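Student: just coords:
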């Protein structure tokens, strides 16, 4: 069989694409491949009356009552200007015809999946990484592996460190350029987990005196270096100042968040309505029970919310020392006797002031990635800007996420900022757009990426997990079961260290 239409690529999509091809490759007697729907976003460039460039879609022309399929033709691997959408890189990785596995004892096994071509015109470049940093590298010039054959190769890795998280990156490139392929074009690549794991120590120590003061509105925690305030009415951290630097925008807070701006696949499955209770409890927390105490110059703030709309309780604990180091534990206690919808995400969000633009992180990249679309995203240390995190999908929606985060820093030009880490992998993003900027609401609202204006502030999402994107179709299918967040208890802990 050749599927005439599969893996609908509408908006931020193409989740579970690897699973499609695991099935295809496991059943060569039955499947040969398919046609992704489709190749390119089909939209028209328009200059608005305000001078903005947008790409238009159904509903942008004629009277409002003219029938249309809205942005349904914004479903390509490539953007309307022929640049690749982020999911294009997942397709390239899954479609590659050279596959590498680790066999131990410095040995890799290479399978040439081509049917007619050997690998004599290809070279291999490798790098050994320890905790994301390259410690050794090399290349192999001659690969004599025939079509549909497997070969083993011993690499000169010498002594592999026995501490830290060790990865081997292998990249296949052409030896010479051709009319079709540039000299350093990556034909195929693989990241092989060799040994170890990355471990963060999530604790804080008492360093200097810390004080608690209280007024009608706030619990204030201060030291010679810090000034933090928790709002009594909602239990949220609303001021986070360290050494005179505001790490939180005035009027905002560090708050629980269970919502994402709906993707086209979300909208197609009506999740903007079916899951709306999680949006409601994210935006309107009921007044909680709050206790605050200081023991051995560590402040502990316990906050308990009743989330009636989702038949659950939310317990959040903050621990703070005199340096401004902050440990947050968030725990969702679900009443599973009730019929409550899946969660879009489980996490928290923080709004940073203007100027926090430079990002470094140890996780999957460099492109945005999600738990069901990160096969093409090797683990590494990446340095980027906040502006680079936003992808202008034709219709604004969730974007910019990174998975398997070991640590994440964001700083201003003076190097002041924060480092976020956890004892588990996080899912994180940082954008010059707030959730509401990317969220159409209960139904699509004829909005365009080109209409949006980036904010000076940065919304940082610090999530335990976000549900997958899905990719079977855009008119009802959910992400595959392993990539959902079913209604149950959740708990995670993260640490923020001021820099």
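Tutor: Sure, I can see it. Please read these numbers as outputs of a predicted model, since none were measured by experiment. Numbering: from 1, shown residues only.
Student: residue contacts, residue 179?
Tutor: Listed by Cβ atoms under 8 Å, 6 or more residues apart in numbering, residue 179 has no contact partners. Quick note: C-beta positions are derived from backbone N, CA and C, even for glycine.
Student: SS state for it?
Tutor: The local conformation at residue 179, judged by DSSP: H, G, I helix; E, B strand; the rest coil, is coil.
Student: roughly how far apart are the closest residue to residue 32 other than its chain neighbours and residue 30?
Tutor: In space, and not counting its chain neighbours, residue 32 is closest to residue 2: 4.9 Å by Cβ to Cβ, 6 or more residues apart in numbering. With distances taken as Cβ to Cβ, to the nearest Å, residue 2 is found 11 Å from residue 30.
Student: common neighbours of these two, please.
Tutor: The contact lists of residue 2 and residue 30 share no entry, where a contact means Cβ under 8 Å, 6+ apart.
Student: give me the buried positions along the lengthiest strand in the chain.
Tutor: The residue-count maximum for a strand in the chain (DSSP state E) belongs to strand 417-431. Within strand 417-431, the residues scored as buried using 16 or more other Cβ atoms under 10 Å are 417-422, 425-431.
Student: could you identify the most distant pair in the residues you listed?
Tutor: For the buried residues of strand 417-431, the maximum inter-member distance is 21.2 Å, found between 417 and 425 (Cβ to Cβ).
Student: mind putting the buried residues of strand 417-431 in a markdown table, pLDDT and distance to residue 118 included?
Tutor: Converted to a markdown table, the buried residues of strand 417-431 look like this (pLDDT from 0 to 100; distance: Cβ to Cβ, whole Å):
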| residue | pLDDT | distance to residue 118 |
| --- | --- | --- |
| 417 | 98 | 51 |
| 418 | 98 | 51 |
| 419 | 98 | 48 |
| 420 | 98 | 47 |
| 421 | 98 | 46 |
| 422 | 97 | 46 |
| 425 | 97 | 39 |
| 426 | 98 | 43 |
| 427 | 98 | 41 |
| 428 | 98 | 43 |
| 429 | 98 | 43 |
| 430 | 98 | 45 |
| 431 | 98 | 46 |
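Student: which of the residues you listed lies closest to residue 63?
Tutor: residue 431 (34.6 Å).
Student: how about that closest one: which residues does it bridge to?
Tutor: residue 459 (DSSP bridges).
Student: how close does it get to residue 441?
Tutor: Using Cβ to Cβ, residue 431 is found at 19 Å from residue 441.
Student: what does residue 416 give?
Tutor: Distance check for residue 416 against residue 441: by Cβ to Cβ, it reads 36 Å.
Student: and for residue 48?
Tutor: 21 Å.
Student: please identify the helix or strand for residue 125.
Tutor: strand 122-130 (DSSP states H and E).
Student: just residue 38 next, same as before
Tutor: Going by DSSP H and E, residue 38 is not in any helix or strand.
Student: quick one, phi/psi of it?
Tutor: phi -140, psi -160 (degrees, to the nearest 10).
Student: now do residue 309
Tutor: Residue torsions, per degrees, to the nearest 10, at residue 309 are phi -60, psi -20.
Student: measure the nearest residue to it once chain neighbours are set aside to residue 283 for me?
Tutor: What sits nearest to residue 309 in space, not counting adjacent residues and going by Cβ to Cβ, 6+ apart, is residue 277, at 4.3 Å. Distance from residue 277 to residue 283, counting by Cβ to Cβ: 11 Å.
Student: neighbour-wise, which of those two wins?
Tutor: residue 277 (19 against 13; other Cβ atoms under 10 Å).
Student: in a strand, that one, correct?
Tutor: No. Looking at residue 277 with three-state DSSP, it is helix, so not inside a strand.
Student: that one touches residue 341, doesn't it?
Tutor: Yes. Using Cβ atoms under 8 Å, residue 277 makes contact with residue 341 at a distance of 6.5 Å.
Student: how about the nearest residue to residue 133, chain neighbours excluded?
Tutor: Per Cβ to Cβ, 6+ apart, closest to residue 133 is residue 381, 6.6 Å.
Student: check residue 274 too.
Tutor: residue 341 (5.7 Å).
Student: who has more neighbours, residue 416 and residue 441?
Tutor: residue 416 (17 against 12).
Student: how much space separates that one from residue 476?
Tutor: 47 Å.
Student: do residue 413 as well
Tutor: Distance from residue 413 to residue 476, by Cβ to Cβ: 47 Å.
Student: and for residue 353?
Tutor: Distance of residue 353 to residue 476, computed by Cβ to Cβ: 41 Å.
Student: follow-up on the earlier one: now do the contacts for the residue nearest to residue 133.
Tutor: Residue 381 touches 132, 133, 360, 361, 362, counting by Cβ under 8 Å, 6+ apart.
Student: next: residue 219.
Tutor: 212, 213, 229, 230, 232, 290, 292, 301.
Student: hey, what's it bridged with?
Tutor: Going by DSSP bridges, residue 219 forms beta bridges with residue 214, residue 230.
Student: quick one: pLDDT of it?
Tutor: For residue 219, the pLDDT comes out at 97.
Student: try residue 168
Tutor: For residue 168, pLDDT reads 98.
Student: quick one, helices of the chain?
Tutor: Using DSSP state H, the helices assigned to the chain run over residues 17-26, 87-95, 264-268, 271-274, 276-283, 435-438.
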